[in-house]
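Peer 1: Structure, please.
(2 chains)
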Amino acid sequence: MADVGFVADFSGALFWEAQRLLVVSDLHLEKGSSFAARGVLLPPYDTVATLSRLAAVIARHDPRQVIALGDSFHDRDAHARLSDPDREALAALQVRRNWIWIAGNHDPALPSSLGGVVATEVAIGPIVFRHEPTGAAGEIAGHLHPKARVPTRGRSIERRCFASDGERAVMPAFGAYTGGLSIRDRAFAKIFGSPGFMAHVLGDNRVHAFVASRCY
Amino acid sequence: MSTLDLFPVPPSETADLLPRRFRDWFASRGWSPREHQLALLAKAREERSALLIAPTGAGKTLAGFLPTLVELSGESEERGRTQSTRTPSPPPPLRGRSTSADAQSRVIGRRERGTPLAQNDTAYPSPQPSPARGEGALPASAAEPRKTLISTGRSVRRSGGLHTLYISPLKALAVDIARNLETPVAEMGLPIKIETRTGDTPVSRRQRQRRYPPDILLITPEQLALLLASDDAPFLFSSLKRIVLDELHALVTSKRGDLLSLGLARLWTIAPQARAIGLSATVAEPEQLARFLVPQPVGENASADVVTAGGAAPPVVEMLDTRERLPWSGHSARHALPEVYELIKRNKTTLVFVNTRSQAEMLFQDLWRMNDDGLAIALHHGSLDVAQRRKVEDAMAAGRLRGVVCTSSLDLGVDWGDVDLVINIGAPKGSSRLMQRIGRANHRFDEASRAVLVPANRFEVLECAVAIDAIAENAQDTPPLRSGALDVLAQHVLGCACGKPFLSDELYDEVRTAAPYAALSRTDFDDVVDFVATGGYALKTYERFARIKQDKQGRWRVTNPKVRQSYRLNVGTIVEDTMLKVRLVRSRAGGSGSTGAIARGGRMLGEIEEVFIEGLVPADTFVFGGEVVRYEALVEDQVYVSRANDKDAKVPSYMGGKFPLSTYLAERVRKLLDNSRAWNGLPDQVHDWLSLQRKFSRVPAVRELLVETFPRGGSHYLVCYPFEGRLAHQTLGMLLTRRLERARARPLGFVANEYALAVWGVGDLSFMIRHGKLDLNALFDPDMLGDDLEAWLAESALMKRTFRNCAIISGLIARRFTDEEKSRRQVLFSTDLIYDVLRKHQADHVLLRAARGDAATGLLDLRRLSDMLSRIHGRITHKDLDHVSPLAVPALLEIGRESVYGEASDELLAEAAEELVREATT
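Peer 2: Modelled structure (predicted):
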């Protein structure tokens, strides 16, 4: 994208080899406890599940920098509800790495006690990282949680996906409890203009590319 | 409701049980009471609960209500009992391990030392409503007059409280019964107030019903749960005398039955004097079903008395001997439609049953096309708009229809007297099921019902043949009584906490009086309570968010009114497939499923399963509401379709129906195959088919599993014939492909039907078996139900659907919301995520246990698969063939028509991607 080579990891992370930069979006940590406070007692294991997947993809690529592309925490107080083991696991991932929290609409303000630095957006070379997509060229964003349904032989498969037209990209949500928005939704048409963009669909061990107009 | 009597009962006995006014009423209609109706009166007088087993048309409903009507007429004890009320509010029942046994012995004691039964046949009933309505046999201490009857003529309002609760699986049935009861009540001038309470009952009436209960209340299991989950439940129910459970055979086979059983357990606590009458079609094990009606003592079985109505004429059932060529596969029975049409024409009113909604749609459309005589033929299935269904039902009741094409939506329900023929299209699936359907014809049970079975393919001919034999022997194959589901228990526990606070020990004892929960372990119970309180997680992080909490006395109560509100909105155990509304709009030229551009609004056609729509690609055509429509778009919970000009739908959409072939019929089909002399009774085409199979391959013996392997069109096939139903075969297919993958046989997919399973792949299976590289005994070893099953369950969409149902019923996830409106599609998605996370982090969580319990019998049919694997262990016969065998043809023909399963998602996605590339580059 924009003459930069990215690897779309099947976990939903994006790796910029040259920069040794790993990007993950929409972790939504502590979404479970957020629901629990409203009376929906979801299993309280989403944070540990998300963090262990994050640890796995970090171990695979050993990045020097990590960008969490916003909505890393499900609500404003979510960071305060992190359990001690989860807090330690997060700290361990940050050791010897530049860690950047991009502010999202769910977590506009994060305390410095979480480690790393907080920013509203980050530009590296021709690429801008921000939470909410604007459609600008060279932009990598999250926020929309793209997913695609792909017709296959006998049945259709719905998975999270990267959406990209080679000029800009929207990343899939990484969090264990994050749902998705169909890439056929109007929101994506606004960003990409035409339906000619691609859906890079997350498989179990690979990523599969489809023309978005063939998904639904 | 009742019909001309052919089985007179000695007059003296009748007189003893039935007051004069009733005898006169029967006589005025030219009827006399049937034996089983009197038997129920006698049971009621003896304070016994009873299960009435009777075919349709036997005056079952009147039998169920007679004890109530007699008691409420004030004439049951004409010798002049002194009590002026019926049972007053009882003292709280004893608790602890002996509760139910005590209740039981109290009853017996009461009867033994009770007053002699009235022998009066001279006393005339008073024309005025008499205040005496008690059964007069109560211990004196409990019989102090407390409430007095105030008679105000027809619109009498009794202060005696609720006397009888009638519970029906169908709202429409409750309404219909209420209407039908009005007749005898009015004609005999009985001072009885009858009301229904359903989801449609206005709030004002509901409130009035609580304060001034009618004598007889007709409700559904869900409404009972709601009434019990309130503070005033003891007030409302303490006077209860009789509980009438209609269509019990249908209720007990599902989670609704579990919920109902827990409601009954509640009622036994609140009103220990209440006795139950169950009304049921014929079942395989009446004694087991009768357990449902009485409190179960700890560690023992107690049953209600079984009363069987005899004398029904055996039905006349035949198989359509078609002039046409019998199809090898498929379920449409199109070949026989002209003959079906002829049958409709020759009879007065015909019910045409099919197994699925989409079959009903297609059949209706085809019949309509050939309807040159303009016969009034209608369509009825559960997905049609309610108003439309009512219209059909009304037209039917008024005798305006010649035929109705219907699904199991008409298996139960309102009696229609004038149906003179039932046609069953396709597989009968089970003998009891078929008998109940056939019973829908001719509700005069002393006349034979007539039915014609129309098999849609050759295997179904076999199934129809054995079903006809089974009916001739009156062999029943209803499933055994369920063991109660934990997710339903969770809903009930929350309901209890919404009413009066409860102690765990007491509720545990009460719950075990319900037959399905008699064997519930304390651990399971405590886990369920823990789940209701804080989610039941090993990580105790949700204490502060608890939905129910214990007070100082250890009693559990709901923490806040929102919890109560949410319970009330979400009560019930019927989790429909998520349904989407289908709207008819104008087609967009060249449009393809993007959102927004479609014209919103449009006429509502009905609802359709989300899983079906998910299998479609925009521009696919399918049949709905009797016409071919084109799938345009899906926006939130609305499916937009346009009218298609195609004559045939592209998507056949046979989804198999809810019920698999019964184990019993399957066994009979295997026996029929094994007995070549019996083939002579089959149509020639089928006889020839089986003979060819014997010549080219082998016809499977009763206990063996025949496995055929052969090459075809570049692939290699393995076809086996377990005859265990589509669901078990699907599960088997999933597990076999995993094993074949490990054995490097490179399977590509499989297709399952009710009788056979076909797997195909790249590897030469025949060669592998010949050279000892693939051992069939090892391939079909029951140990596949160990690790392979676990690994598959992790990703199985069916298991996720099963889990979703448990999550909804247990109250983890709400279906209906108080404030923020959340679309149901999101609920489906999030339960999949919950399943993944929970499975990884707390595999023994109570909801996962509940889901696994369901998997044993539900969508995965694991128990049946496991039984089959044990049956065939060491009895596999392999046939190494050059080409496809006659028996395998039907299965192979279904490839491409039915869903194909088996591959890991990555392979499917890769293939789909390549396909598109090919399409784009050529």
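
Peer 1: Every contact and neighbour count from this point should use C-alpha atoms.
Peer 2: OK.

Peer 1: Show me which residues of chain A sit near chain B.
Peer 2: A:33, A:36-46, A:49, A:150-157, A:176-179, A:184-186, A:203-206, A:208-210, A:216 (C-alpha under 8 Å from any C-alpha of the partner chain).

Peer 1: Of all residues in chain A, which one is nearest the centre?
Peer 2: residue A:25 (2.1 Å; C-alpha atoms, centre = their mean).

Peer 1: Help me confirm that it comes into contact with residue A:54.
Peer 2: No - under the criterion of C-alpha atoms under 8 Å, residue A:25 is not in contact with residue A:54, lying 10.8 Å apart.

Peer 1: just to revisit the earlier point, give the closest residue to the residue nearest to the centre of chain A in space, chain neighbours not counted.
Peer 2: Of all residues not flanking residue A:25 in the chain, residue A:69 sits nearest, at 4.4 Å (C-alpha to C-alpha, 6 or more residues apart in numbering or on different chains).

Peer 1: ok, now which ones touch that neighbour?
Peer 2: A:23-26, A:101-104, A:129-131, A:141-142 (C-alpha atoms under 8 Å, 6 or more residues apart in numbering or on different chains).

Peer 1: among those residues, which ones are buried?
Peer 2: A:23-26, A:101-104, A:129-131, A:141-142 (16 or more other C-alpha atoms under 10 Å in any protein chain shown).

Peer 1: And the pLDDT for the residue nearest to the centre of chain A?
Peer 2: What the model reports as pLDDT for residue A:25 is 97.

Peer 1: what ranges of the stretch 151-300 of chain B fall below the confidence cut-off?
Peer 2: B:151-159 (pLDDT under 70).

Peer 1: Residue in it with the shortest distance to chain A?
Peer 2: residue B:229 (19.0 Å; C-alpha to the nearest C-alpha).

Peer 1: Contacts only, for that residue.
Peer 2: B:495-499.

Peer 1: if you set the cut-off to 10 Å instead, what comes out?
Peer 2: B:223, B:263, B:266, B:492-500, B:564, B:567-568 (C-alpha atoms under 10 Å, 6 or more residues apart in numbering or on different chains).

Peer 1: With residue B:317 instead?
Peer 2: B:422-423, B:435, B:438, B:448-453, B:467-469, B:471-472.

Peer 1: from those, which ones fall inside strands?
Peer 2: B:422-423, B:450-453 (DSSP state E).

Peer 1: Tell me which two of these sit farthest apart.
Peer 2: B:450 and B:453 (10.2 Å; C-alpha to C-alpha).

Peer 1: Give me the common contacts of the two.
Peer 2: B:317-318, B:422-423, B:438.

Peer 1: Pick out whichever of those residues sits closest to chain A.
Peer 2: residue B:423 (32.1 Å).

Peer 1: Contacts only, for the closest one.
Peer 2: Here residue B:423 is in contact with B:317-320, B:340, B:343-344, B:350-354, B:405, B:437-438, B:441, B:450-454 (C-alpha under 10 Å, 6+ apart).

Peer 1: Quick check: pLDDT value at it.
Peer 2: 95.

Peer 1: Name whatever forms a beta bridge with it.
Peer 2: residue B:352, residue B:452 (DSSP bridges).

Peer 1: how much space between it and residue B:472?
Peer 2: The spacing between residue B:423 and residue B:472, counted by C-alpha to C-alpha, to the nearest Å, is 17 Å.

Peer 1: Check which element follows the lengthiest strand in chain A along the chain.
Peer 2: Assignment by DSSP E gives strand A:156-164 as the longest strand of chain A. Per DSSP states H and E, the first helix or strand lying C-terminal to strand A:156-164 is strand A:169-170.

Peer 1: residues in contact with that following strand?
Peer 2: Strand A:169-170 is contacted from outside by A:1, A:25, A:129, A:131-133, A:135-146, A:161-164, A:188, A:191-192, A:197-199, using C-alpha under 10 Å, 6+ apart.

Peer 1: How about stretch B:545-560?
Peer 2: Stretch B:545-560 is touched from outside by A:33, A:35-41, B:493-506, B:529-535, B:543, B:561-564, with contacts defined as C-alpha under 10 Å, 6+ apart.

Peer 1: count of neighbours near residue B:861?
Peer 2: Residue B:861 has 22 neighbours, counted by other C-alpha atoms under 10 Å in any protein chain shown.
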